[in-house]
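Visitor: sharing a sequence plus its predicted fold:
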Amino acid sequence: MSHAIEFNHLTKLYTNGRGIDDLNLIVKQGEVFGFLGPNGAGKTTAMKIMTGLIKPTFGDVKIFGASIQEQFVQAMSHVGCLIETAESFQYLTAYENLQLSARYYPHVNGKRISECLELTGLTKFAHEKTKKFSLGMKQRLGIANALLSNPKLLILDEPLNGLDVEGMLDMRHLIKKLSQEQGTTFFISSHLIHDVELTCNRIGIVLNSRLVSVDHTEDILRNFSSLEHYFVNEVERNGRA
Ligand SMILES: Nc1ncnc2c1ncn2[C@@H]1O[C@H](COP(=O)(O)OP(=O)(O)OP(=O)(O)O)[C@@H](O)[C@H]1O
């Protein structure tokens, strides 16, 4: 069986010399993979390549065996994503925004839209225009949008951005539930190190454009008192930028 995600020598060199450099990684189906790194390390760049928003300078990503460059439609047919900020049509309601996205998926009906609103705690705001939404509500809608097609892989860039405590707990439960009950794979970047520790079962650290370490969370916590200690140790070991 193919891996959920495979990076092969993934490289993106922007004209200013920054980007990501030779990332190699395998994420298995059902894993909740945390992608950690300081500001500017290259996380969003990798996630944009994974979702076809930008092209790599060199190397490739395969999603369930399909190359993002050669078989884009097939690769993306399994993916739901939220990259950077969650955008929506402000003069449409949350429900109408999801209806627009649903047009891309023949099997997504009104029942599934309501389910996704419920899963993300938006049911009571379903018929409000998103113009009036707070950052956290917009983020919830972005996640509902990513869930809509019931994808096998969810790529989420800072999914907890703007969420309140209850929202974070809900999201953590949702991620665990989908990975355990449906075998959904997650690839998540986050600055919230404590949440990554509680949510992800494997963690990769990106520093200065390179993937410097990948470990199982339980092994990290066997050797370090917290993910934060491990992270600081990795930053020191690899030298700051
Ligand atoms: N379009 C671009 N043109 C030139 N440089 C860019 C571009 N996008 C990103 N970069 C640079 O590439 C590096 C990686 O950026 P990226 O946005 O991937 O980092 P990140 O790890 O997601 O950071 P953050 O945690 O702040 O979101 C940074 O040094 C950034 O300045």
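Guide: Thanks, I have it. Predicted model only: the values in this text are computed from it and were never measured.
Visitor: so which bits of the chain are right by the ligand?
Guide: Contact residues, the chain versus the ligand (C-beta under 6 Å from any ligand atom): 14, 16, 18, 19, 37, 39, 40, 41, 42, 43, 44, 45. For the C-beta atoms, the positions are set from N, CA and C on the backbone; glycine is no exception.
Visitor: right, and the last one touches residue 54 too?
Guide: In this case it means residue 45. Yes: contact criterion C-beta atoms under 8 Å: residue 45 and residue 54 qualify, at 7.3 Å.
Visitor: beta-bridge partners for the nearest residue to residue 69 once chain neighbours are set aside, please?
Guide: Nearest non-adjacent residue to residue 69, counting by C-beta to C-beta, 6 or more residues apart in numbering: residue 60, 5.6 Å away. Taking DSSP bridges as the rule, residue 60 bridges to residue 8.
Visitor: who's in contact with the helix or strand of the chain with the lowest mean pLDDT?
Guide: Here the helix or strand of the chain ranked lowest by mean pLDDT, DSSP states H and E is helix 165-182, holding a mean of 88. Helix 165-182 is contacted by residues 30-32, 119-121, 136, 139-140, 143, 150, 154, 159-160, 163, 184-186, 188, 192, 195, 198-199 when judged by C-beta atoms under 8 Å, 6 or more residues apart in numbering.
Visitor: same thing but 7 Å
Guide: By C-beta atoms under 7 Å, 6 or more residues apart in numbering, the residues outside helix 165-182 that reach it are 30, 32, 119, 121, 136, 140, 159-160, 163, 184, 186, 195, 198-199.
Visitor: which neighbours do residue 45 and residue 54 share?
Guide: Joint contacts of residue 45 and residue 54 (C-beta under 7 Å, 6+ apart) are residue 12.
Visitor: give me the more crowded residue out of those two.
Guide: Neighbour count, other C-beta atoms under 10 Å: between residue 45 and residue 54, residue 45 has more, with 22 against 16.
Visitor: pLDDT weak spots in this structure?
Guide: Where the chain drops to pLDDT under 70, the residues are 1, 240-241.
Visitor: would you list the phi and psi of the residue nearest the centre of it?
Guide: Note on the chain: the residue nearest the mean C-alpha position is residue 156, at 1.8 Å, using C-alpha atoms, centre = their mean. With angles defined as degrees, to the nearest 10, residue 156 sits at phi -120, psi 120.
Visitor: partner residues bridging it?
Guide: Note on residue 156: beta-bridge partners residue 82, residue 188, judged by DSSP bridges.
Visitor: how near is it to residue 195?
Guide: 12 Å (C-beta to C-beta, to the nearest Å).
Visitor: thinking again about what came up before, identify the farthest-apart pair in the contacts of helix 165-182.
Guide: Spanning the widest gap among the contacts of helix 165-182 are 30 and 136, at 28.0 Å by C-beta to C-beta.
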